[in-house]
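**Student:** heads up, no residue letters with this:
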């Protein structure tokens, strides 16, 4: 009876359903799509045989088209709920969840990434017989974890959210039954497990130093100098290792090229844009918000990592011969540019970083869309390759992403080649009307305003180096003679729509950058 009396006196936490409505929509949609894929006949495109080959239908099963439609419907509901909460900043769940400017901006980026990646997966469903339909619900679960990570104002919530998205991405990276894919996914999983261990150990040390895992409590402890400084700094260092792994910063980047090359292009694009957006949103919230009182302690380390990341990513990409590996090292270099906004540790730095993440999402996804378009050409396989195609419109899952495969690509496919050049020039930051230039400009400006001019100079030099490998791809595609017989590249209305949206938004953001930067300034006000 005494125990029952005590239980009756417990105060239950207030659940703010509206604050987490977009994330709930993504999770519920993921469950619905997963059940559809699991129990509705005609969803799976192929059945694996004992020898690893597949016997595929000649067209995409109708059940998979319904799964794509359900995924897009779930994203549309999440988008509407994000708009419904647009002017409702709040802190919920005992200050563990913050629906503020960072959360709002990240939700917009992630929903756009989810929409484009779903269209890419729809293309894969028609072309690649090895890509399973289960990638659709897994992408929704990953998006929910990414959105929760961006809104987490408690380190334990951030860790749980990080594991939700990580487990989904591990499965997505290894979902295709190819040896290179399986090896890449295993490397991603093992290194990701180590990074999670660093992260949770860092959380434990910070809790030991401050007595709380709430970012608000940590900020109060660091500002009042009541925490154990040695223990706290050790925790901050381990926490930084965990976040730097997720954003693919040097020296925690070794998984990135292999995973980007081995995973299906649609999954690679999803990871490149979505993971970076969620990881940096959490990075900014935790370090600028919760650990802002220790800026002078962690800024030199972040600046040093930014230098390494920009230089290594740009230099190593120059010697790559695979387009997906080039884009992987490009992604590493862009993480270095984003770290300048974090090192600035100001409201302007946060706004510039969020604008950068928005522009980068469409640039990098657009580039991977062209890679997906080009790597599914209906041509006979070369010597040493096995052609198990069942006819037009089918593929054995082998992606052709070597630079040699792009010789004369722009001549044979002028529209796709032109879009590839557009995305590459934007990633290079070529002025003046492309979003990539303005993304770098505002991040560099925030760095200069914060007294990090030397770091900005390194960024400018790294950008000049990076321009070489972007222009190299364009030169190969347009100025070199095509080899072999003419190819009929694979496309679909879904991929065409995705390419059109990514290209239009890349140009539109570049034409009106100031308005979006002004809107992103709301992200500089961190709640919780």
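**Tutor:** In hand now; what should we look at? Predicted model, so just to flag it, every value in this text is computed and none were measured.

**Student:** Please compute how far the helix ranked longest in the chain lies from its chain's middle.
**Tutor:** Using DSSP state H, we find that the single longest helix of the chain is helix 179-210. Centroid separation for helix 179-210 versus its chain: 17 Å, with CA atoms, centre = their mean, to the nearest Å.

**Student:** cool, stretch 335-349 as well?
**Tutor:** 18 Å.

**Student:** Report the mean confidence score over that stretch.
**Tutor:** Averaging pLDDT along stretch 335-349 gives 92.

**Student:** in this protein, which spans are strands?
**Tutor:** Assigned strands in the chain, in chain order: 46-48, 54-56, 90-92, 97-99 (criterion: DSSP state E).

**Student:** If we go by neighbour counts, what in the last one is buried?
**Tutor:** Of the residues in strand 97-99, those scored as buried under the neighbour-count criterion (16 or more other CB atoms under 10 Å) are 97-99. Quick note: C-beta positions are derived from backbone N, CA and C, even for glycine.

**Student:** Please list the residues outside that strand that contact it.
**Tutor:** With CB atoms under 8 Å, 6 or more residues apart in numbering as the test, strand 97-99 has contacts from 16, 19-20, 85, 88-92, 148, 151-154, 157, 285, 526-528.

**Student:** buried subset of those?
**Tutor:** Neighbour-count burial (16+ other CB under 10 Å) is assigned, among the contacts of strand 97-99, to 19-20, 85, 89, 91-92, 148, 151-154, 157, 285, 526-528.

**Student:** right, and the pair among these with maximum separation?
**Tutor:** The distance between the two most remote of those (CB to CB) is 19.6 Å, for 85 and 154.

**Student:** Have a look at the chain and report the helix or strand with the lowest mean pLDDT.
**Tutor:** Within the chain, confidence by mean pLDDT, DSSP states H and E is lowest for strand 54-56 among all helices and strands, at a mean of 42.

**Student:** The buried residues of strand 97-99 into JSON lines, with extra columns for distance to residue 494?
**Tutor:** Listed next are the buried residues of strand 97-99 as JSON lines, based on distance: CB to CB, whole Å:
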{"residue": "97", "distance to residue 494": "34"}
{"residue": "98", "distance to residue 494": "35"}
{"residue": "99", "distance to residue 494": "32"}
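
**Student:** which one of those residues sits closest to residue 333?
**Tutor:** residue 98 (30.2 Å).

**Student:** what are the bridge partners for the closest one, then?
**Tutor:** Residue 98 has the following beta-bridge partners by DSSP bridges: residue 91.

**Student:** Report pLDDT for it.
**Tutor:** pLDDT recorded at residue 98 is 86.

**Student:** about what we covered before: from the contacts of strand 97-99, which ones fall inside helices?
**Tutor:** Using DSSP H, the subset of those located in helices is 148, 151, 157.

**Student:** and these as JSON lines, adding distance to residue 432 and pLDDT?
**Tutor:** As requested, the ones in helices among the contacts of strand 97-99 are exported to JSON lines (distance: CB to CB, whole Å; pLDDT from 0 to 100):
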{"residue": "148", "distance to residue 432": "37", "pLDDT": "93"}
{"residue": "151", "distance to residue 432": "35", "pLDDT": "91"}
{"residue": "157", "distance to residue 432": "41", "pLDDT": "92"}
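
**Student:** The residues you listed into CSV, with extra columns for distance to residue 304?
**Tutor:** Putting those into CSV (distance: CB to CB, whole Å) gives the following:
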residue, distance to residue 304
148, 30
151, 29
157, 29
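
**Student:** which one of those residues is nearest residue 327?
**Tutor:** Closest to residue 327, out of all of the ones in helices among the contacts of strand 97-99 and judged by CB to CB, is residue 148, at 27.3 Å.

**Student:** Apart from its neighbours in sequence, what residue is nearest that closest one?
**Tutor:** Once flanking residues are discounted, residue 148 sits nearest to residue 161: 3.9 Å by CB to CB, 6 or more residues apart in numbering.

**Student:** The one you found: what's it in contact with?
**Tutor:** Residue 161 sits next to 145-146, 148-149, 152, 282 when contact means CB under 8 Å, 6+ apart.

**Student:** repeat for residue 202
**Tutor:** Residues near residue 202 by CB under 8 Å, 6+ apart: 234-242.

**Student:** which of those residues count as buried?
**Tutor:** Among the contacts of residue 202, those that count as buried by neighbour count (16+ other CB under 10 Å) are 234-236, 238-242.

**Student:** Pull the distance from stretch 104-117 to the chain's centre.
**Tutor:** That offset, for stretch 104-117, works out to 10 Å (CA atoms, centre = their mean).

**Student:** ok, now stretch 428-448?
**Tutor:** Relative to its chain's centre, stretch 428-448 lies at 20 Å (CA atoms, centre = their mean).

**Student:** ok, the residue nearest the centre of the chain - contacts?
**Tutor:** The residue lying closest to the centre of the chain (CA atoms, centre = their mean) is residue 274, at 2.5 Å. When contacts are counted by CB under 8 Å, 6+ apart, residue 274 touches 109-110, 113-114, 117, 142-143, 146, 361.

**Student:** Quick check: the residue nearest to residue 497 when sequence neighbours are not counted vs residue 168, distance?
**Tutor:** Distances taken as CB to CB, 6+ apart place residue 119 nearest to residue 497, at 6.0 Å, with adjacent residues excluded. Per CB to CB, to the nearest Å, residue 119 is found 19 Å from residue 168.

**Student:** again, but for residue 471
**Tutor:** 36 Å.

**Student:** Kindly report the same for residue 213.
**Tutor:** Per CB to CB, residue 213 is found 24 Å from residue 168.

**Student:** quick one: residue 499 and residue 366 touch, right?
**Tutor:** Yes: here residue 499 reaches residue 366: they are 6.7 Å apart, a contact under CB atoms under 8 Å.

**Student:** Now for these two: what residues contact both?
**Tutor:** Common neighbours of residue 499 and residue 366, counting by CB under 8 Å, 6+ apart, are residue 419.

**Student:** Neighbour count for these two, which is higher?
**Tutor:** Neighbours were counted for residue 499 and for residue 366 using other CB atoms under 10 Å; residue 366 has more, 29 against 25.

**Student:** For residue 320, see how far away that one is.
**Tutor:** According to CB to CB, residue 366 stands 20 Å off from residue 320.

**Student:** now this protein, which segments are flagged as low pLDDT?
**Tutor:** Low-confidence segments of the chain, defined by pLDDT under 70: 1-13, 41-62, 125-130, 225-228, 376-398, 483-491, 523-525, 527-528.

**Student:** 50 instead, please
**Tutor:** 1, 46-58, 378-396 (pLDDT under 50).

**Student:** dump the residue contacts of the nearest residue to residue 478 once chain neighbours are set aside.
**Tutor:** For residue 478, ignoring the flanking residues on the chain, the nearest one in space by CB to CB, 6+ apart is residue 410 at 3.9 Å. With CB under 8 Å, 6+ apart as the criterion, the residues that contact residue 410 are 417-418, 420-421, 474, 477-478.
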